[in-house]
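**Q** any chance you could fold what I've pasted below:
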Amino acid sequence: RQELSRLSITDSLTGLFNQRHLYARLKEEVLRSERQRHPMGLILLDLDRFKEYNDTYGHLAGDEVLRNVGRLINKCIRIGVDSGYRYGGDEFAVVLIDADLVVAQEIGRRVQEALRDNVGISASLGYSIFSEGMTVEDLVARADKELYKAKPRH
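**A** All right, here's what the predicted structure looks like:
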């Protein structure tokens, strides 16, 4: 039963939590942030030119990159505090507890460096910090908007 529960919230390829669990966790954390007046952040991360990578090296190589991204995200976040998610395709998310923009950007920088140094790929990041009155949708929309601005254009 415990194993089924774990599998239902985990992305099988990356080992990160899945998108459904991301939204459940964000709902919990938004409520907690409202109640306790603690900062909370969200990073959305999109691998740059991943389609080109898949087209060049094949989907098995692409899957290996995604597995490595999951492992590296988990290495770069604060254990027992933050949590990593596969948002879908080559998009990922990190929920940051008790984190302002400075903390979020530092963790984002660590993730970007780890991807560059260990996998040889780059990622664009979008940040959103919870403020009173925001909904989960507002939080995600802000990070998504910032991510879109950060993406390379070609």
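**Q** how far out from the middle of the chain is stretch 81-89?
**A** Distance of stretch 81-89 from the chain centroid (Cα atoms, centre = their mean, to the nearest Å) equals 4 Å.
**Q** meant to ask about stretch 102-113, not that
**A** For stretch 102-113, the distance to the chain centre is 11 Å (Cα atoms, centre = their mean).
**Q** restricting to C-alpha, output the one helix or strand in the chain whose mean pLDDT sits lowest in PDB.
**A** Here the helix or strand of the chain ranked lowest by mean pLDDT, DSSP states H and E is helix 2-8, holding a mean of 80. Output of helix 2-8 as PDB, limited to C-alpha atoms (Å, rounded to 0.1, in the frame of the first residue of the first chain):
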ATOM      1  CA  GLN A   2       2.800   2.400   0.900                       C
ATOM      2  CA  GLU A   3       4.600   1.500  -2.300                       C
ATOM      3  CA  LEU A   4       1.500   2.100  -4.400                       C
ATOM      4  CA  SER A   5       1.100   5.500  -2.700                       C
ATOM      5  CA  ARG A   6       4.800   6.400  -3.500                       C
ATOM      6  CA  LEU A   7       4.400   5.300  -7.100                       C
ATOM      7  CA  SER A   8       1.300   7.400  -7.600                       C
END
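**Q** partner residues bridging Gly84?
**A** On the basis of DSSP bridges, Gly84 is bridged to Val94.
**Q** tally of neighbours for it?
**A** 26 (other Cβ atoms under 10 Å). Every residue, glycine included, has its C-beta placed from N, CA and C.
**Q** need the contact list for the nearest residue to Arg32 once chain neighbours are set aside.
**A** The shortest distance from Arg32 to any non-neighbouring residue, by Cβ to Cβ, 6 or more residues apart in numbering, is to His38 (7.0 Å). Neighbouring residues of His38 by Cβ atoms under 8 Å, 6 or more residues apart in numbering: Arg32, Ile97, Asp98.
**Q** now a PyMOL select for only the buried ones of those residues.
**A** Selection of buried members from these for PyMOL, criterion 16 or more other Cβ atoms under 10 Å:
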select buried, resi 97+98
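**Q** which helices and strands does the least confident helix or strand of the chain pack with?
**A** On a contact count with 3 or more Cβ pairs under 8 Å, 6 or more residues apart in numbering; DSSP states H and E, helix 2-8 meets no helix or strand.
**Q** hmm, who's touching the helix or strand that it is followed by?
**A** Next along the chain after helix 2-8, taking DSSP states H and E as the criterion, comes helix 19-36. For helix 19-36, the surrounding residues in contact (Cβ under 8 Å, 6+ apart) are 9-10, 17, 38-40, 42, 83, 85-88, 93, 95, 97, 130, 132, 134-136, 139-140.
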